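Asker: Requesting a structural model of the entry that follows:
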Amino acid sequence: MARSTTRRPPSNCPVCNHRLATTRLTCPECSTELSGAFTSCEFCVLTNEDRDVLRVFLASRGNMKELERHLGVSYPTARARFDALLAKIGIDRPSAAPSPTRVELMEQVARGEIDIDEALKRLDAI
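Answerer: Got it, this is the predicted structure:
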């Protein structure tokens, strides 16, 4: 699929690395210019590669396996790439609670907090 190669403006200041603000818009057809403080979209920080990943993910209706095939990488790598993309646009996934260790499960059984069947079920998930 051929895409036009357009130049993308930098998103951060080359001097202090803070976010640049869009202050001028120009019409390429009639050269009309607008000046002011404009808000940029959250997707503007994405690289062309990031946008491609997002495009494939959306086109496959959120099918991570399809994204894995498109990228030619393993499922965990595809998942990590997608999570990094989400972080770039400010959608950080809450980290899951850490799995209890075997010792912690045994202690929970000893204290009567869970029964042995529940402990075995949780051990299978580790």
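Asker: Next, count neighbours for residue 92.
Answerer: Residue 92 has 10 neighbouring residues, counting by other CB atoms under 10 Å. No exception for glycine: its C-beta is placed from N, CA and C like everyone else's.
Asker: Give me the nearest residue to it, chain neighbours excluded.
Answerer: Spatially, and ignoring its direct neighbours in sequence, residue 92 is nearest to residue 86 (6.9 Å; CB to CB, 6 or more residues apart in numbering).
Asker: Can you report how many residues neighbour that neighbour?
Answerer: Residues contacting residue 86 under the criterion other CB under 10 Å number 13.
Asker: Please apply the same query to the one 4 residues further on.
Answerer: Residue crowding around residue 90 was assessed by other CB under 10 Å; the count is 8.
Asker: Distance of the most centrally placed residue in the chain relative to residue 103?
Answerer: The residue lying closest to the centre of the chain (CA atoms, centre = their mean) is residue 86, at 1.9 Å. Here residue 86 is placed at a distance of 34 Å from residue 103 (CB to CB, to the nearest Å).
Asker: Which helix or which strand is home to residue 106?
Answerer: Element membership of residue 106, judged by DSSP states H and E, is helix 102-110.
Asker: Could you do residue 123 as well?
Answerer: With the criterion set as DSSP H and E, the secondary-structure element containing residue 123 is helix 116-125.
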